[in-house]
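Chemist: how would this look folded up:
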Amino acid sequence: MKGEEQFSVGACKYSVLKIERQESRNTAPPRFVSVDYYSPELKLILAKEWGSNDLVKFDRIYPLKQPQAEAQTKSKRPEGDAQTTSCRSEQPVNSIPELWPALAPCWRAPAGTESMEITLVFSLRRNGTLIGKPRISYSKLDGDESLQRAFVASILKALDRALPIPLTDSFANALAGKPLAVRFTSK
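Modeler: Now for the predicted structure:
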């Protein structure tokens, strides 16, 4: 750890831990890879510094809330309905707050996973498809191992069903390749 400092994302300031990442192969001395700016408050890496002038960071953070109508329908849905219903929206997404409504119909938390949470970090191409593999940046998994696995699998299956997400041209150009952090919580 290199230290602690204040870090701004938009108008908000967060206390972050600067964590230096190094790697070493065989007997070679460790070499610098990157510095992560980790916010314990958000449980999220807000930025990565790859070199002296190469900082990649979030410009804004929006809360992704489940729409009220979706919360009501989710509780009335029969078990397994998320797998059989088409959840891909034809309506193009034009902003970060519109992402959750595009993902939510594809996800149903398995029974018995109440209070479990996962923050999934991933990036999209301009055509709304996934770049690489999603990464879990935070998890709070309780209960037995089979329920934990079912919870993680339900999120990955939902992402697979929701993609590609249709994006407007302007939003696709602004979003492409940037890390997105989406919090899935079963409460």
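Chemist: Skipping adjacent residues, who's closest to residue 6 in space?
Modeler: Once flanking residues are discounted, residue 6 sits nearest to residue 13: 5.2 Å by CB to CB, 6 or more residues apart in numbering. Using the backbone N, CA and C atoms, a C-beta is placed for each residue, glycine as well.
Chemist: Verify the contact between that neighbour and residue 7 for me.
Modeler: Yes - contact between residue 13 and residue 7 holds when scored by CB atoms under 8 Å: they sit 7.0 Å apart.
Chemist: Tell me which of those two has more neighbours.
Modeler: Using other CB atoms under 10 Å, the more surrounded residue of residue 13 and residue 7 is residue 7, with 19 against 10.
Chemist: So what pairs up with the closest residue to the more buried one other than its chain neighbours in the strands?
Modeler: Spatially, and ignoring its direct neighbours in sequence, residue 7 is nearest to residue 16 (4.3 Å; CB to CB, 6+ apart). Under DSSP bridges, the beta-bridge partners of residue 16 are residue 5.
Chemist: This structure: strands as residue ranges?
Modeler: For the chain, strands defined by DSSP state E occupy the ranges 3-9, 12-23, 31-39, 44-51, 54-57, 116-124, 130-140, 180-186.
Chemist: how near is residue 38 to residue 149?
Modeler: 26 Å (CB to CB, to the nearest Å).
Chemist: Of these two, which one has the most company?
Modeler: Between residue 38 and residue 149, counted using other CB under 10 Å, the more crowded position is residue 38 (21 against 12).
Chemist: Give the full set of residues in contact with the more buried one.
Modeler: By CB atoms under 8 Å, 6 or more residues apart in numbering, residue 38 lies in contact with 16-17, 19, 44-46.
Chemist: what do you get if the cut-off is 10 Å, keeping everything else the same?
Modeler: 1, 4, 7, 14, 16-19, 44-47, 137 (CB atoms under 10 Å, 6 or more residues apart in numbering).
Chemist: now swap in residue 39 and tell me
Modeler: Residues near residue 39 by CB under 10 Å, 6+ apart: 7, 9, 14-17, 45-47, 61.
Chemist: Closest to residue 131 out of those residues?
Modeler: residue 45 (16.8 Å; CB to CB).
Chemist: where are the low-confidence patches of the protein?
Modeler: For the chain, residues meeting the criterion pLDDT under 70 lie at 61-86.
Chemist: What angle do strand 180-186 and the lengthiest helix in the chain make with each other?
Modeler: As assigned by DSSP state H, the longest helix anywhere in the chain is helix 145-162. Interaxial angle, helix 145-162 versus strand 180-186 (axes from the mean of the first three to the mean of the last three CA atoms, to 10 degrees): 130 degrees.
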